[in-house]
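*Asks:* Turn this into a structure:
(2 chains)
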Number of protein chains: 2
Amino acid sequence: MNKGSVFIISGPSGSGKDTLLVRLFEKCPELKFSISSITRDMRVGEVEGEKYNFISREKFEKMIEEDMLLEYNCYVGNYYGTPKEPVIRATEEGFDIVIEVDVNGAANIRKKLPEAISIFIMPPSFEELERRLTGRGTDSKEVIAKRMESSLGEIKRAAEYDYIVVNDDISTAVDDIISIINASGLTLKKQSQILKEVLEKC
Amino acid sequence: MNKGSVFIISGPSGSGKDTLLVRLFEKCPELKFSISSITRDMRVGEVEGEKYNFISREKFEKMIEEDMLLEYNCYVGNYYGTPKEPVIRATEEGFDIVIEVDVNGAANIRKKLPEAISIFIMPPSFEELERRLTGRGTDSKEVIAKRMESSLGEIKRAAEYDYIVVNDDISTAVDDIISIINASGLTLKKQSQILKEVLEKC
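*Replies:* Below is the predicted model:
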């Protein structure tokens, strides 16, 4: 059995990453999703173990001490992080696993898992990004400006990624990600087992 | 516009490469095929410019002298080769192009085009390779043995390739090649133009 791969997926506000990930997991139910550990309170509609594991601050700090996280961050007094063990276990069981993180988290994961494949989701143009961020209609100018600044800051670091998927048409973008995942399983390294099996009989 | 990529595809007798390529070009009509130049006589059913350009020995030797071939070989007194110019032109026009060659040809092309992406088509097992090579029923034992030896010789060099596609189910194998081609167009290098365009406006 071949080991699975780790796919880091990032995309700024306005890239359409969230909808894209929902569609990706609908089309690829065998794909695993890395569940983040966080210390903030559960919000209405959130389910334990779906996108997040809600844990105590003490437990999180113990995970930091014991180097059990691939990356973590502190935001408005709460910790967010990616536990290492479930990711490693999934790949060892042959599953591909997706970690959704921002550009800083991605950079930290790359240091610990240099073989991880990273994908950056881009809006198709600056104008479309503006349209998507202002189009919601409910936010103040300040909130929009802040979101725009944050998105552009992330896009400026897109060159740190292995692949760039432009999310213009969502179906195409989902298929692009599936192509990347599929192709990653066909590299010489991933196929070495079958090659060995055939060659042994020669 | 992004430049296209060059895909080298090899596969031994019994890999099912020929049928696979027919299906690939049916599903991807925009994909270009590199037409080989050869000096042997045209056979019944062959069409000039379809799979081969039939040229004179003098013309071929001039191409060798002027370094106009990505690779060439001499077999039973006739030359076979891949002209460089149409491959370069196709990629500059933004097209992906497939070159079908054997392991020696692939090795020579890699020297001249290190950025070319190479794919090796494998039979799913040694037993299936044997079955496919003997199953035609019309060939002598000697012919089969020779074909088997040649196939195994090629499989032993599969580790020179970037990707290995196992041709067990032909539809899956075609989709695998399409994934590789699609993913190759999404690398950071290939997407640098759109990234530049969005960043220029920031």
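*Asks:* correct me, but A:I164 touches B:L195?
*Replies:* Yes - in this structure A:I164 lies within contact range of B:L195 using CB atoms under 8 Å: 6.2 Å. In short, each C-beta sits where N, CA and C put it, glycine included.
*Asks:* who's more crowded, these two?
*Replies:* A:I164 (23 against 19; other CB atoms under 10 Å in any protein chain shown).
*Asks:* excluding its backbone neighbours, what's nearest the more buried one?
*Replies:* Of all residues not flanking A:I164 in the chain, B:Q191 sits nearest, at 3.8 Å (CB to CB, 6 or more residues apart in numbering or on different chains).
*Asks:* Could you give the number of residues near that neighbour?
*Replies:* Other residues lying near B:Q191 total 21 when counted by other CB under 10 Å.
*Asks:* Phi and psi next, for it.
*Replies:* According to degrees, to the nearest 10, the main-chain angles of B:Q191 amount to phi -100, psi 10.
*Asks:* circling back: what do A:I164 and B:L195 both touch?
*Replies:* A:122, A:158, B:188 (CB atoms under 8 Å, 6 or more residues apart in numbering or on different chains).
*Asks:* Give the full set of residues in contact with the spatially most central residue of chain A.
*Replies:* Nearest to the mean C-alpha position of chain A, by CA atoms, centre = their mean, lies A:E100 at 2.1 Å. Contacts for A:E100 (CB under 8 Å, 6+ apart) come out as A:9-10, A:17, A:21, A:33-34.
*Asks:* swap in A:V103?
*Replies:* A:V103 touches A:10, A:153-154, A:157, A:160, counting by CB under 8 Å, 6+ apart.
*Asks:* what about it, distance to B:N167?
*Replies:* Per CB to CB, to the nearest Å, A:V103 is found 39 Å from B:N167.
*Asks:* go on, A:E127?
*Replies:* Distance of A:E127 to B:N167, computed by CB to CB: 45 Å.
*Asks:* show me where chain A has strands.
*Replies:* Remark: strands assigned in chain A by DSSP state E are A:6-10, A:32-33, A:36-38, A:52-54, A:69-75, A:78-83, A:97-100, A:117-122, A:163-166.
*Asks:* Now look at the first one and say if it contacts chain B.
*Replies:* No - taking CB under 8 Å from any CB of the partner chain as the criterion, strand A:6-10 and chain B are apart, separated by no less than 11.9 Å.
*Asks:* how much does that strand deviate in direction from strand A:78-83?
*Replies:* Strand A:6-10 runs at 150 degrees relative to strand A:78-83, counting by axes from the mean of the first three to the mean of the last three CA atoms, to 10 degrees.
*Asks:* Give me the buried stretch members for stretch A:76-86, please.
*Replies:* A:79-84, A:86 (16 or more other CB atoms under 10 Å in any protein chain shown).
*Asks:* An error on my part: the question was meant for stretch A:146-161.
*Replies:* Within stretch A:146-161, the residues that count as buried by 16+ other CB under 10 Å are A:147-148, A:151-152, A:154-155, A:157-158, A:161.
*Asks:* if we look at it, which residues are touching it?
*Replies:* So stretch A:146-161 is contacted by A:8, A:10-15, A:102-103, A:106-107, A:110, A:118-120, A:122-123, A:129-130, A:133, A:139, A:164, B:188, B:192, B:195, B:198-199, B:202 (CB under 8 Å, 6+ apart).
*Asks:* same check, this time on stretch A:195-202
*Replies:* Against stretch A:195-202 from outside (CB under 8 Å, 6+ apart): A:188, B:122-123, B:125-127, B:129, B:152, B:155-156, B:158-159, B:164.
*Asks:* one step back: let's have the strands of chain A in TSV, adding mean pLDDT and distance to A:A173.
*Replies:* Putting the strands of chain A into TSV (pLDDT from 0 to 100; distance: least, CB to CB, whole Å) gives the following:
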stretch	mean pLDDT	distance to A:A173
strand A:6-10	98	11
strand A:32-33	97	18
strand A:36-38	96	23
strand A:52-54	95	25
strand A:69-75	95	24
strand A:78-83	97	23
strand A:97-100	98	14
strand A:117-122	97	7
strand A:163-166	97	5
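*Asks:* With distance to B:P29 added, can I get these in JSON lines?
*Replies:* What follows is these, written out as JSON lines (distance: least, CB to CB, whole Å):
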{"stretch": "strand A:6-10", "distance to B:P29": "30"}
{"stretch": "strand A:32-33", "distance to B:P29": "36"}
{"stretch": "strand A:36-38", "distance to B:P29": "44"}
{"stretch": "strand A:52-54", "distance to B:P29": "46"}
{"stretch": "strand A:69-75", "distance to B:P29": "43"}
{"stretch": "strand A:78-83", "distance to B:P29": "43"}
{"stretch": "strand A:97-100", "distance to B:P29": "32"}
{"stretch": "strand A:117-122", "distance to B:P29": "28"}
{"stretch": "strand A:163-166", "distance to B:P29": "23"}
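*Asks:* I am finished for the moment; much appreciated.
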